[in-house]
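Trainee: Sequence plus predicted model, see below.
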Amino acid sequence: MNSMEDKVGFYQIAKEAFRKGENMVKTLIDRGASKSDSIEIAYELQAGEYTRNFNEKSLQRNKQIHKIIDKYLTLEGVENVGVFGVGEAKNWIGYEGEIKNFYGLELSFSRLRYAFDNMSKLKGIQSFQLLKGDASEVIFADNSFDLSITLHSIEPNGNEQGAKILNNVINSSSKYILLFEPDFSTAHTAMKDRMVLNDYVRNISDEISKNDSVNVIDCFVTDIQENENNLTTCWILEKVNKVQESEVKMVCPYTYKPLVDYKDVLYSPQAGLAFSKINEFILLNKRDAIFIGEKE
C-alpha cells in the first residue's frame, strides 16, 4: 500500500463488500491491497461480532481450550503468556486459570477494545498488555514468553505470511507453543476446498517439520467444534533448548532492537521512530510508527 489515501480507498471498497456479504479480504487483495492491510480492514469492520455471537457452545469450546492451556501453565517456570492474534479475546471468555503476565497482539484496533473489556473480567490474570501489531512482523524479542499461543490467527494469512507468523510465534517462546489452527493435511474435502478458496494457511504441519528448534509433543483435533467445515487442530510444541524468558519483550519491528519506554510512546533510538500509546494499547505496527528523529 503506497499511501494513507490508498488505505482510505480500500476501506470504502471493503465496506461495500461487507454490505454485499462478500469475502472482504479476497476482494481487497484482488484490488491490490496487501494481505495484512486487507485483514486489518476486514477485522475493523467485523469488530464485535465474535463477542456478540458468543454462546453456550462457544463457552464449552473455550473450556476445552483452557484445559489444554492450563496443563502447561501448571508446569514449573511457566507463568507468562504471549497470544498472537488475540482478536476480541473471545477465546478467553470464561477463563478461570491464573497467568502472571499476558501479552495479546492484534492487527485491529477496534477488536482490541473488545479484547480489553473481555480480559478485564478475568480475575486470574494478574497483568495484561494489549498491542496493535502485525504478527508477521517481529514485534517481540526471542524467548519473550514461557508459553506462546495462536487461536485461529495464522489461519487467514495464507502460506507465505502464515509461515512468517509461525516462525515469530516459535521464536518468541522460551519453552512451549500451543497452536489452535486448521490443519490442511488432515482436513476433509469440503474444508480443504474452503481453505483453498479463501487462501487460508495450508502448510503449518510442513513448516513445523522443517523447524529444528521445536519438538512436537502432540497433535490432535479438538473435541468441540464451532464449525464442522473449519476444524481446530491443536499442535503442542516444546523448544528443544528451554531457557529463561527474556526480560526484553517488545522490540522495534524495523530494527529488532529494544524500545525505550516513555510515558507517551515507545521509542526506537536506532530508527528514530516513536510508537504511540493510546489509552491501554500500544501501537507497534510498522505503519503506525511516527518518525521523530532523536528524542531528548
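Mentor: In hand now; what should we look at? Numbering: from 1, shown residues only.

Trainee: Quick check: end-to-end length of stretch 239-259?
Mentor: 26 Å (C-alpha to C-alpha, to the nearest Å).

Trainee: now stretch 92-107
Mentor: OK, stretch 92-107 end separation, C-alpha to C-alpha: 18 Å.

Trainee: Going forward, count from 11.
Mentor: With the count now opening at 11, the last piece we talked about shows up as stretch 102-117.

Trainee: what comes up buried for that stretch?
Mentor: For stretch 102-117, the neighbour count (16 or more other C-beta atoms under 10 Å) marks 102-105, 109, 111-117 as buried. Any C-beta I mention is one placed from the backbone N, CA and C, and that applies to glycine too.

Trainee: partners of the helix or strand containing residue 190 in the sheet?
Mentor: Following DSSP states H and E, one finds residue 190 within strand 183-191. Looking at strand 183-191 with DSSP bridges, its partner strands are strand 155-161 (parallel), strand 243-249 (antiparallel).

Trainee: what's the most distant pair in the buried residues of stretch 102-117?
Mentor: In those, two members sit farther apart than any others by C-beta to C-beta. They are 104 and 117, at 24.2 Å.

Trainee: Next, count neighbours for residue 229.
Mentor: 17 (other C-beta atoms under 10 Å).

Trainee: and what of residue 16?
Mentor: 14.

Trainee: wait, what's in contact with it?
Mentor: By C-beta atoms under 8 Å, 6 or more residues apart in numbering, the contact list for residue 16 reads residue 43.

Trainee: show me where this protein has helices.
Mentor: 14-30, 34-40, 45-56, 59-62, 66-83, 119-130, 168-182, 199-207, 214-220 (DSSP state H).

Trainee: List just the one of those helices that sits closest to residue 263.
Mentor: helix 168-182 (10.3 Å).

Trainee: ok, and what's touching that closest one?
Mentor: So helix 168-182 is contacted by 45-46, 92, 94-95, 145-155, 158, 160, 163-165, 167, 187, 189, 209-214, 217-218, 221, 223-224, 247, 249 (C-beta under 8 Å, 6+ apart).

Trainee: Between helix 199-207 and it, find me the angle.
Mentor: 90 degrees (axes from the mean of the first three to the mean of the last three C-alpha atoms, to 10 degrees).

Trainee: buried sites along helix 168-182?
Mentor: 168, 171-176, 178-182.

Trainee: how far does that helix sit from the chain's center?
Mentor: 10 Å (C-alpha atoms, centre = their mean, to the nearest Å).

Trainee: and that helix, what's its mean pLDDT?
Mentor: The average pLDDT for helix 168-182 rounds to 97.

Trainee: In this protein, where is pLDDT below threshold?
Mentor: Applying pLDDT under 70 to the chain picks out residues 11-13, 305-306.

Trainee: Just the buried residues of the contacts of helix 168-182.
Mentor: 45-46, 92, 94-95, 145-155, 158, 160, 163-165, 167, 187, 189, 209-214, 217-218, 221, 224, 247, 249.

Trainee: before we move on, the earlier item: just the angle between the strand holding residue 190 and helix 66-83, please?
Mentor: Going by the same axes, to 10 degrees, strand 183-191 makes 160 degrees with helix 66-83.

Trainee: How far off centre is stretch 56-74?
Mentor: Average the C-alpha atoms of stretch 56-74, do the same for its chain, and the two points are 17 Å apart (C-alpha atoms, centre = their mean).

Trainee: what comes into contact with it?
Mentor: So stretch 56-74 is contacted by 28, 97-98, 100-105, 118, 120-121, 123-124, 127-128, 232-236 (C-beta under 8 Å, 6+ apart).

Trainee: one more time with 7 Å
Mentor: If you take C-beta atoms under 7 Å, 6 or more residues apart in numbering as the criterion, stretch 56-74 is touched by 97-98, 100-101, 103-104, 118, 120-121, 124, 128, 232-234, 236.
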